[in-house]
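Colleague: The sequence and its predicted three-dimensional model are supplied below.
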Amino acid sequence: MSIKSIFLFCLAITYAGLWASAQDKSSVSSKPELALEARITTYLQGGYDLGALYYPKGTKWSFGFLVARHDITGITKEWLFDSNNHDALDMRLNWIASFLSRYHFAAHKEGFFAELGLGIEEFRVSAGAETFSNTNGFIAPAIGYIWYPWGRSGFYLMPKVNGVLTLFRADEQTMAHGTTFRLKPFFATPSFSIGWKF
């Protein structure tokens with residue numbers, strides 16, 4: 001059994017366990033709610049980011065969709081890509097689209113949560129006039145924390161760390177001047193978001 005198969009199996013078992021525990025409906029919301037959120041860290045990288053989430057009534061789950069794009073600079077290049085010369089490359093996440101599901105450990109949905117994201121993204125890597133674009137899928141389990149400074153709705157802050165398992169990634173590419181690069185099979189990405197729950 002490959003490492004990827006073992007990882008996916010463990011992920012499925014974890015997800016099933018979270019789903020089962022979510023059937024505890026004590027103190028959960030009695031009405032559906034919506035939220036919009038954006039990762040500040042994405043805007044700091046010259047991009048945009050917007051997520052929308054739906055909180056069904058009577059459950060500890062929430063579900064959503066995220067779109068984003070941004071530059072990849074500095075140490076982030078090394079987090080995401082293997083290369084023999086990161087400094088020679090300009091990198092950008094052209095776009096990302098992801099479906100999200102979150103399990104909130106507290107019934108009131110403030111505090112820690114576990115998340116699973118499934119999506120597709122396109123990276124662009126260039127050096128001078130030469131450019132490569134590669135599209136891949138990903139599975140992104142995450143752990144995060146939601147804090148409402150003024151009650152349990154309205155404005156919130158959310159630090160989060162994703163572990164990203166890339167799917168269908170392209171083979172190693174070589175630029176004309178000899179620089180090589182390839183998206184890593186797994187990497188971690190921290191983020192910090194602000195949001196508003198209606």
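Modeller: Happy to help now that I have it. Numbers count the residues shown, from 1 in each chain.
Colleague: what does stretch 38-53 rub up against?
Modeller: 34-37, 62-73, 76, 93, 100, 102, 190-195 (Cβ atoms under 8 Å, 6 or more residues apart in numbering). C-betas here are computed from N, CA, C, even on glycine.
Colleague: Farthest from the middle of the chain: give me that residue.
Modeller: Ranked by distance from the centre of the chain (Cα atoms, centre = their mean), the top residue is His177, with 32.9 Å.
Colleague: what are the bridge partners for the closest residue to it other than its chain neighbours, then?
Modeller: In space, and not counting its chain neighbours, His177 is closest to Ala127: 6.6 Å by Cβ to Cβ, 6 or more residues apart in numbering. Beta-bridge pairing of Ala127, defined through DSSP bridges, involves Glu130.
Colleague: same deal with Phe186?
Modeller: Under the criterion used (DSSP bridges), Phe186 bridges to Leu165.
Colleague: Same check on Ile72?
Modeller: Counting by DSSP bridges, Ile72 forms beta bridges with Met91.
Colleague: Wait, it touches Met91, no?
Modeller: Yes: if you go by Cβ atoms under 8 Å, Ile72 and Met91 touch, sitting 3.8 Å apart.
Colleague: So for those two, which residue has more residues nearby?
Modeller: Between Ile72 and Met91, Ile72 has the larger neighbour count (other Cβ atoms under 10 Å), namely 22 against 18.
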